[in-house]
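K.L.:
coords please:
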Amino acid sequence: MSIASTIFRSREPEGGGHHLAFGLGALALAAAVFYVDTYTDIEGAIAVLYVITMLLAAQAITRSALITISFACAILSLLSYAMTHAQDADLQSALRLLVALSALAVTTMLLLKTETARLALLSINAELKESEERYRSIFDRTRVALWERDYSRLHTLLVDLKQQGIVDMRAHARANPGFTQKCIDLITVVASNEAGKEMLGYDSSVSGTLKQSVVSAPDKFLDVLQAIVDNRRVFEDKVVVRTVGGEDRLVLLSISFPAESSSFNRVVVSMVDITQREMALKALAEAQAELTKASKAATVGAMSASLSHELNQPLGAIIVNAQTLLRWLDRDPPDLAAARRSAERMIRDSQRASEIIENTRSMLAHTGGKLETFELDEFIDETLGLLEHDLERSGTTVNVEKETTPPVKAVRIELQQVLINLLTNAIQAMDEAGIGNRTITVRKESQDADTIRVIVRDNGPGIAAEIKEKLFSPFFTTKATGMGMGLSICRTTLEARGGRLDGDNHPLGGAVFAISMPISPEVEHA
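P.N.:
Below you'll find the model as predicted:
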C-alpha cells in the first residue's frame, strides 16, 4: 500500500488535485497558527485555530491520518505553550491551552464520526449502484418483454375517484365514453427492454404507442384499473396486444403494483407471448376431437367386423340345417322325426345368432353381458353340438378330457363364441394342411384356486414362427378369405372379464390355445 493511499482518501482520479490542495492548505494553516501563537505577542486562544486545520485536512485525508494530524496539532499547541509560558505560566494561559486542546479533541471526534457515516453512506451507495446495475442487466437482457411505466398520474386520478365513491371502473367507463382514453394518456413508459421492442415491433416508450398496444383489449385495461382501485398488488391475465404491423398477439400480462403510492412512478409490466402455445393447445384439442371421432368410427367398424365374424357360424349352421330339413321332407315318405330335429337345430342356431347380436348391442351401450353361473362340462358339450356339422364334414374327432372343477360365473354367449372360434380355427388349419387323422383335444382343468383353464389342442401344422408375434393382432390373417378379427376379438373379450388367451405350439405337434378365466369375476361389467 502506497503512502498516498494511507494518507489521502480513496476518490475518483479527478479528485486527486482537490486532495492535494486541501492537504497543503491544512499544513500551511497549521504552520501559520504555530508561528502566530509562538512568535507574536498576540494574547488569546490562538491554538483553537488548529480546528480549522483539522476541518481542511478532513476533506482530503483518511481516518488514521486525521488522528495523526490531531495529535500533531495538540503537540504543536503544547510546544508553543512551553516555549512562550514556561517561565511565567499563569491561569489564563493554561485555560486558553485547555480550551484549544478540548476544541481540538471534540472536533476530531466529530470529524471521525462524520467520516464513519460518510464511509457507511458510500458503502450503501455502492451496494445500491450494484443492485441497480444487476436489475438493469436483468431488465435489458431477459427474453421476457418488460416495461417500466409511470402510473403516478393515473393512480392519483383513481384515488380521487375512489374518494368520491366511484369504485366500479366498468360502470364509470360506460357512463363516461372518454374515460378509458384519458387513463391511457396518463400512463407514460419510462423504459422497455429489447424483448419488449421485438414483441411489439416498436419502442413503446415513444408517446402515443401505449394506446396502439392496448387498442384491441380495452376491457382488459379496465380490469387493470379495477385492480388499482381494489389495491391489488398483482394483476395477471391473458391480453391481446397489437404489434406495429397490426397483428394481434395473445400475451400473458403481469403487472406488479407497489404498496406505496409514491412508488407508482416505476411500475414493472411483463408480457409473455403465448400465441403459439394457445394455437398449439387449440390444434391439440381439435386433433383430440378428431381422434375421438375416428376412435368411435373404428369401434363401430370393429364391432361390425366382430358381428359379421361371429354370425357367420350360426347363420351357416341354419342354412345347412334348412337344406337337411328339405332333404328329409323330400323323402317318400318324408322323415318327419329327422325333419323335426333339423328344425330344432335351426331354432337353436337362430337363438344363438340373436344372443350374439344382443351381446354386441350391450357392449356398444356399455351395459355389459349378463353373468351366469354354469358347469363347464355341460357348456363344452353344448358348444360341440353347435359344431356337429362342421366336425362331421371335416372328419374331425374331438376328445374331451374333464377334470372336476367348480362352476364358473361368466357371460355364457361370450365364452361360447371364444371356444367356437378356437375349434373352428383348428378344423380349418387341419383342412388346409390336409391332415389325415384329424383330432382336437379339449381339456378342462383348475389352474389355481381362483382360475380355470380350458385348453384346445389340434394335431395340425402348428403356428409358424414368423406369425407368433402377430397372432392376436387385429386384421392379421393367414387365410385367403379371413378377416383377421377372430383371435383378436377372443383375447379382448376374455381380458375384459379378467381372463386371458394364449397360443403356442405343442411339444408333440400341433397348435394349443389356453383360455384362462376367473371362477368368479371381480366386477359384473368390464
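K.L.:
hey, let's count contacts and neighbours off CA atoms from now on
P.N.:
Noted.
K.L.:
thinking Thr325 is in contact with Met346, fair?
P.N.:
Small correction: residue 325 is Leu, not Thr. No: the pair Leu325 and Met346 does not pass the contact test of Cα atoms under 8 Å, sitting 9.4 Å apart.
K.L.:
Now do the shared contacts for the two.
P.N.:
Counting by Cα atoms under 8 Å, 6 or more residues apart in numbering, no residue touches both Leu325 and Met346.
K.L.:
Can you report phi and psi for Asn399?
P.N.:
phi -110, psi 120 (degrees, to the nearest 10).
K.L.:
and what of the one 3 residues further on?
P.N.:
When read as degrees, to the nearest 10, the backbone of Lys402 gives phi -110, psi 130.
K.L.:
That one: neighbouring residues, count only.
P.N.:
14 (other Cα atoms under 10 Å).
K.L.:
who's in contact with the closest residue to it other than its chain neighbours?
P.N.:
Nearest residue to Lys402 in three dimensions, chain neighbours excluded: Lys444, at 5.3 Å (Cα to Cα, 6 or more residues apart in numbering). Under the criterion of Cα under 8 Å, 6+ apart, the neighbours of Lys444 are Leu376, Glu401, Lys402, Glu403, Thr405, Ile452, Arg453, Val454, Ile455.
K.L.:
pLDDT score for Leu200?
P.N.:
Per-residue pLDDT puts Leu200 at 78.
K.L.:
again with the one 10 residues further on
P.N.:
Looking at Leu210, its pLDDT is 58.
K.L.:
what do you get for Ile124?
P.N.:
For Ile124, the pLDDT comes out at 90.
K.L.:
Show me what stretch 27-38 is in contact with.
P.N.:
Outside stretch 27-38, the residues that reach it (Cα under 8 Å, 6+ apart) are 42, 46-47, 49-50, 52-53, 73, 76-77, 80-81, 83-84.
K.L.:
The chain: strands as residue ranges?
P.N.:
Assigned strands in the chain, in chain order: 145-150, 188-192, 234-242, 248-256, 267-273, 372-374, 397-402, 408-410, 439-446, 451-458, 500-505, 511-518 (criterion: DSSP state E).
K.L.:
As a markdown table, those strands with mean pLDDT and distance to Ala353 would be great.
P.N.:
Compiled in a markdown table, those are given as follows (pLDDT from 0 to 100; distance: least, Cα to Cα, whole Å):
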| stretch | mean pLDDT | distance to Ala353 |
| --- | --- | --- |
| strand 145-150 | 86 | 69 |
| strand 188-192 | 83 | 76 |
| strand 234-242 | 86 | 59 |
| strand 248-256 | 87 | 58 |
| strand 267-273 | 87 | 61 |
| strand 372-374 | 85 | 18 |
| strand 397-402 | 86 | 24 |
| strand 408-410 | 85 | 19 |
| strand 439-446 | 88 | 24 |
| strand 451-458 | 89 | 23 |
| strand 500-505 | 87 | 24 |
| strand 511-518 | 88 | 23 |
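K.L.:
Reformat the ones you listed as TSV; add distance to Ile420.
P.N.:
Converted to TSV, those look like this (distance: least, Cα to Cα, whole Å):
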stretch	distance to Ile420
strand 145-150	69
strand 188-192	77
strand 234-242	61
strand 248-256	61
strand 267-273	61
strand 372-374	17
strand 397-402	13
strand 408-410	16
strand 439-446	12
strand 451-458	10
strand 500-505	14
strand 511-518	12
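K.L.:
how about those strands, which one is nearest Ala26?
P.N.:
Relative to Ala26, the nearest member of the strands of the chain by Cα to Cα is strand 188-192, separated by 47.2 Å.
K.L.:
wait, doesn't Glu414 sit right on Thr493?
P.N.:
Yes: using Cα under 8 Å, Glu414 is in contact with Thr493, at 7.1 Å.
K.L.:
Against Val33, how distant is Ser262?
P.N.:
52 Å (Cα to Cα, to the nearest Å).
K.L.:
Comparing those two, which shows the higher neighbour count?
P.N.:
Taking neighbours as other Cα under 10 Å, Ser262 and Val33 compare with Val33 leading, 22 against 10.
K.L.:
Cool, thanks, talk later.
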